[in-house]
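Novice: Pasting the sequence and the predicted model now:
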Amino acid sequence: MLAPNIETFIGCESDYASAQLVLWGAPFDSTTSFRPGARFGPAAMRHESFGLETYSPYQDRDLSDYDIFDAGDLELPFGDSARALETIRQRTQLLLEEGKFPLLLGGEHLVTLGAVEAVYARYPQLEIIHFDAHTDLRDDYLGTKLSHACVLRRCFELLGPGRIHQFAIRSGERAEFQFAARHTHLHKFSFAGLDETVARLRASQTPVYFTLDLDCLDPAAFPGTGTPEAGGVSFAQLLEAILAVSQTKVVGADVNELAPLLDPSGASTALACKVVRELILALVDGNPKSSKE
């Protein structure tokens, strides 16, 4: 049984026992390859979420109508990636065992690997939908295999070929794109092809892990990230894509790579909060509290 967090994401104050979805943070950025600061993302999103309403006019749903629990942030050893990932894996495993939907807030993108390891152990037919500016398919980065630049390569080694679907990708080494052409389904620059992917996964009821790197957004709207890449998608395009992915059998998800101190205006954090609100409402069980009482 997890204890309530002191400061929660807005509308996520339900008790753990009744929670359908559990929000929790992995404040880790030890392998960030350019500008650090993503470790501060989860706390910033919680704090700034109170600038939002709990109601989404996009979905006509309200966070206060659902049982959502915010478990706070894990305490992670910043200098030990393997131990940090094991801690994340154990937390994800616990939530799955107790019937909760795990929604992880990063942190850098490497944190996804710990969550995917636990979800894959429970759902061996798992496939991944990946939104990002970067391929994240390097075999190593400066000799290190546990890096946010390698996280989807490590996930590939778990799942095998043809089970990772990448969208909005616009940066990576030539070798990464060549690897993707053989082993993943990579869609450059936009969400073109997402509807077809969703239709197939929905029809087959394949379990899906959804990992959302916020740098898929254009840095004109979202500069507060460690590796910004021009040519990204808009918030409206991202929201439409999130709603599409929610039609599949999503069994775990994460949002990562907000580095709030890199955007002193606070606009990036505000955007990230809205993404998290919409993602929660898209993924939470369709039965609000009022219908269960």
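Specialist: Here it is on my side, so go on.
Novice: Tell me where the stretch 51-200 of the chain has helices.
Specialist: 81-97, 111-122, 151-159, 174-183, 194-204 (DSSP state H, counting those that start in this stretch).
Novice: Work out the gap between the second one and the centre of the chain.
Specialist: By that I understand helix 111-122. The gap between where helix 111-122 is centred and where its chain is centred comes out at 12 Å by CA atoms, centre = their mean, to the nearest Å.
Novice: Also the third one?
Specialist: Relative to its chain's centre, helix 151-159 lies at 16 Å (CA atoms, centre = their mean).
Novice: Next, the angle from that helix to helix 174-183.
Specialist: 30 degrees (axes from the mean of the first three to the mean of the last three CA atoms, to 10 degrees).
Novice: Which strands or helices does helix 151-159 pack on?
Specialist: Under the contact criterion of 3 or more CB pairs under 8 Å, 6 or more residues apart in numbering; DSSP states H and E, helix 151-159 touches helix 111-122, strand 127-131, strand 164-169. Quick note: C-beta positions are derived from backbone N, CA and C, even for glycine.
Novice: So what touches the first one?
Specialist: By CB atoms under 8 Å, 6 or more residues apart in numbering, the residues outside helix 111-122 that reach it are 26, 28, 84-90, 92-93, 96, 102, 104, 106, 126, 128, 146, 151, 154-155, 158-159, 207, 209, 211, 251-252, 254, 256.
Novice: The second one now?
Specialist: Counting contacts by CB under 8 Å, 6+ apart, the residues outside strand 127-131 that touch it are 116, 136, 152, 155, 159, 163-168, 191, 197, 201, 206-213, 216, 238, 241, 245, 248.
Novice: swap the cut-off to 7 Å and go again
Specialist: With CB atoms under 7 Å, 6 or more residues apart in numbering as the test, strand 127-131 has contacts from 116, 152, 155, 159, 163-168, 201, 206, 208-213, 216, 241, 245.
Novice: Output that strand as PDB, nothing but the C-alphas.
Specialist: Output in PDB follows, covering the C-alpha atoms of strand 127-131 (Å, rounded to 0.1, in the frame of the first residue of the first chain):
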ATOM      1  CA  GLU A 127       4.200  -3.700 -28.600                       C
ATOM      2  CA  ILE A 128       5.400  -0.100 -28.100                       C
ATOM      3  CA  ILE A 129       4.100   3.100 -29.500                       C
ATOM      4  CA  HIS A 130       6.900   5.800 -29.300                       C
ATOM      5  CA  PHE A 131       6.500   9.500 -29.900                       C
END
